[in-house]
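In: let's see this in three dimensions:
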Amino acid sequence: MKNKHNKSPDKEFAKRMRTLMGNRNIRLVDISKATNNAVSTVSTWRRGRYPRSIATIRKLAEIFSVTPEYLMNGKCNGDEIIFSNESPSGFMRATNEEEQNIRKHLEALIEDCQGDKTVLAEILNRLHKEFPLKRQRAAEKSLR
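Out: Just a heads-up that it's a prediction; the model follows:
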């Protein structure tokens, strides 16, 4: 942990804070209220300064639904990302039918890929075509 004693900003920590705040629509004031810290203090965290207490780090992790380890050093077992029930920023939530199609594609990936990056790229390209970004869908609708 580069920023052990809160002396210099950690760019990766700042990036994780901003990403988590954006993806979960959490504002500085929300974190301020939940942690009983001034908005200006929370703002320094968003710029890469670590919170001073372990209790505050745990509270932040709870707010973001991640582990303290992920929040502080980016290490995770995947639960924070893979099994999140939130839509990533810029994407629409999949319908049940779309989720079933995604599952089928992923099952095919697991079964057929066996480490072949070409097959993986092909499946990911198919998924991208079937489930485009919100902006792409909006553009397609406006062209109809």
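
In: domains in the chain, by residue range?
Out: Domains of the chain are assigned by automatic domain parsing as 11-82, 96-143.

In: most packed of these?
Out: Of those, the one with the most neighbours on average (mean count of other C-beta atoms under 10 Å) is domain 11-82, at a mean of 16. All C-beta atoms are positioned from the backbone trio N, CA, C, and that covers glycine.

In: what about the helices in this protein?
Out: 11-23, 28-35, 39-46, 54-64, 68-73, 79-82, 96-108, 117-130, 134-143 (DSSP state H).

In: quick revisit: which stretch in the domains of the chain has the least confidence?
Out: Least confidently modelled of the domains of the chain is domain 96-143, at a mean of 66 by mean pLDDT.

In: OK, contacts around the residue nearest to residue 17 when sequence neighbours are not counted?
Out: Among residues not flanking residue 17 along the chain, residue 46 sits closest, at 4.9 Å (C-beta to C-beta, 6 or more residues apart in numbering). Contact partners of residue 46, counting by C-beta atoms under 8 Å, 6 or more residues apart in numbering, are 14, 17, 18, 21, 28.

In: any figure for the gap between residue 46 and residue 101?
Out: Counting by C-beta to C-beta, to the nearest Å, the separation of residue 46 from residue 101 is 37 Å.

In: re the thing from before, in a markdown table, list the contacts of residue 46 along with distance to residue 105.
Out: Formatted as a markdown table, the contacts of residue 46 follow (distance: C-beta to C-beta, whole Å):
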| residue | distance to residue 105 |
| --- | --- |
| 14 | 35 |
| 17 | 33 |
| 18 | 31 |
| 21 | 31 |
| 28 | 38 |
